[in-house]
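With the sequence up front, the predicted model follows.
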Amino acid sequence: LSRPPSLDDILNGVPAAVGRAISLAERDVWGNRELLAAIHQHTGRAHVIGVTGIPGGGKSTLVQRLALEFRRRDLTVGIVAIDPSSPYSGGSILGDRIRMGESASDPGVFIRSMATHGASGGLARAAMDAVSVLDAAGKDIVIIETVGVGQDEVDVAAGSHTTVVVSVPGTGDDIQAIKAGILEIADIHVVNKSDLPGSRHLMAQLRDMLRMGSSRNSGWEVRLVACSAKDDEGIGALCDLLREHREWLEASGALQAREKDMAAGRLNALVHALVSRRIAAPDVDIVERMVTDVAERRTDPRTAAETVVGAL
Ligand SMILES: Nc1nc2c(ncn2[C@@H]2O[C@H](COP(=O)(O)OP(=O)(O)OP(=O)(O)O)[C@@H](O)[C@H]2O)c(=O)[nH]1
Ligand SMILES: [Mg+2]
């Protein structure tokens, strides 16, 4: 179980190797350094799409429909689902076509679930490592599904080339996602469950909000699309918009800026993880000394913090 898979198998998209590489990265942030470094050299091809929104908004249903649509367009798909309450196996749309982690009948889709808690070094770190593995494995499209609750989850969704925010009608007069602070990270808004009453009202509300503009998207007009994932409606239009956004990123030069944002997010998460680990190491008695010095007023907290970090 713990033996690392070969780079060749990962690059060839062998499902067992891909799954194992993700597991290793998830469990051990600093292990298998050479393998993860080699994987990184083979990334940068995939279109990374974040799908976020309120719990139960139909994200998993939508992602599965999208995966099937991409497959129809001859594109391969990797899916990283963060703590989904609805399973991607059994009764799901992809059903027996695609089981978790591999597919007997369609090796063009790989699905991986990830627990919110349990990834050492943070969720965003683990999710981005999983994205890298799938990218290196040759998946054309990598989709991250995450519930847009909490900063960590928002970071994950924002750590993509294209961010899709899913809203649904009929859950109150206000736009629910505003509370979670996720609306402004959208490149594309999906009003899902458009088969339910109130979807036109919600579309109008979102359109009004978009008139106020978005700082993340200078040069890109944030788009709005109605879908019914359940009935497989609007999925083709969403696919077209995703492609359009990717083309805009490439043509405008914004892709490099997004890549730098993503790199900064990963670096930031790892620096935090590394500093925490060093501080937790039992041989770092400077921490103990500084704690005592601050408590006994021999120094102040800020000077002590600088001393600790400087000594790492
Ligand atoms: N009416 C309607 N129901 C839908 C639609 N899409 C999904 N649903 C239903 O909404 C429920 C939640 O769907 P999921 O796809 O699990 O939603 P989710 O956003 O992934 O949920 P979490 O991951 O738990 O936050 C399920 O019962 C779906 O069948 C839709 O377009 N219309
Ligand atoms: Mg889900």
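Looks like it arrived, so ask away. Ligands and ions are numbered 1, 2, ... in the order given.

can you list the weak-confidence ranges in the chain?
1-2, 84-106, 116-121, 171-180, 213-217, 282-283 (pLDDT under 70).

Can you name the residues bridging to the residue of the stretch 101-250 of the chain found nearest ligand 2?
Closest contact between the stretch 101-250 of the chain and ligand 2, by CB to the ion, is at E145 (5.7 Å). Every residue, glycine included, has its C-beta placed from N, CA and C. In this structure, E145 bridges to V51, A81 when assessed by DSSP bridges.

Surely it and V51 touch.
Yes - counting by CB atoms under 8 Å, E145 does reach V51; the two are 5.0 Å apart.

Touching both of those two, which residues are there?
K59, V63 (CB atoms under 8 Å, 6 or more residues apart in numbering).

how about stretch 156-167 against ligand 2, any contact?
No - with CB under 5 Å from the ion as the criterion, ligand 2 is not reached by stretch 156-167; the gap is at least 9.9 Å.

what about that stretch, start to end distance?
With CA to CA, to the nearest Å as the measure, stretch 156-167 spans 18 Å from end to end.

can that stretch be found next to ligand 1?
No - contact of stretch 156-167 with ligand 1 (CB under 6 Å from any ligand atom) is absent, the minimum separation being 6.7 Å.

In that stretch, which residues are buried?
V156, A157, A158, G159, S160, H161, T162, T163, V164, V165, V166, S167 (16 or more other CB atoms under 10 Å).

if I pick the third one, what's in contact with it?
A158 makes contact with G50, I185, D261, G265, according to CB under 8 Å, 6+ apart.

Helices of the protein, residue ranges please.
7-11, 15-27, 33-41, 59-72, 123-136, 151-158, 177-180, 199-210, 235-252, 254-280, 285-295, 301-311 (DSSP state H).

Dump the ones you listed to CSV, plus distance to G78.
Shown next, in CSV, are those (distance: least, CB to CB, whole Å):
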stretch, distance to G78
helix 7-11, 12
helix 15-27, 8
helix 33-41, 13
helix 59-72, 9
helix 123-136, 3
helix 151-158, 15
helix 177-180, 25
helix 199-210, 29
helix 235-252, 15
helix 254-280, 16
helix 285-295, 40
helix 301-311, 37
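
do you know which of those helices lies nearest V191?
Closest to V191 of the helices of the chain is helix 199-210 (CB to CB; 5.2 Å).

Just the CA coordinates for that closest one, please, in PDB.
Extracted in PDB, the C-alpha atoms of helix 199-210 (Å, rounded to 0.1, in the frame of the first residue of the first chain):
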ATOM      1  CA  SER A 199     -35.300  30.500 -11.300                       C
ATOM      2  CA  ARG A 200     -36.100  33.400 -13.500                       C
ATOM      3  CA  HIS A 201     -36.300  35.700 -10.400                       C
ATOM      4  CA  LEU A 202     -32.900  34.400  -9.300                       C
ATOM      5  CA  MET A 203     -31.400  34.900 -12.700                       C
ATOM      6  CA  ALA A 204     -32.600  38.500 -12.700                       C
ATOM      7  CA  GLN A 205     -31.200  39.000  -9.200                       C
ATOM      8  CA  LEU A 206     -27.800  37.700 -10.200                       C
ATOM      9  CA  ARG A 207     -27.900  39.700 -13.400                       C
ATOM     10  CA  ASP A 208     -28.500  42.900 -11.300                       C
ATOM     11  CA  MET A 209     -25.600  42.000  -9.100                       C
ATOM     12  CA  LEU A 210     -23.200  41.400 -12.000                       C
END
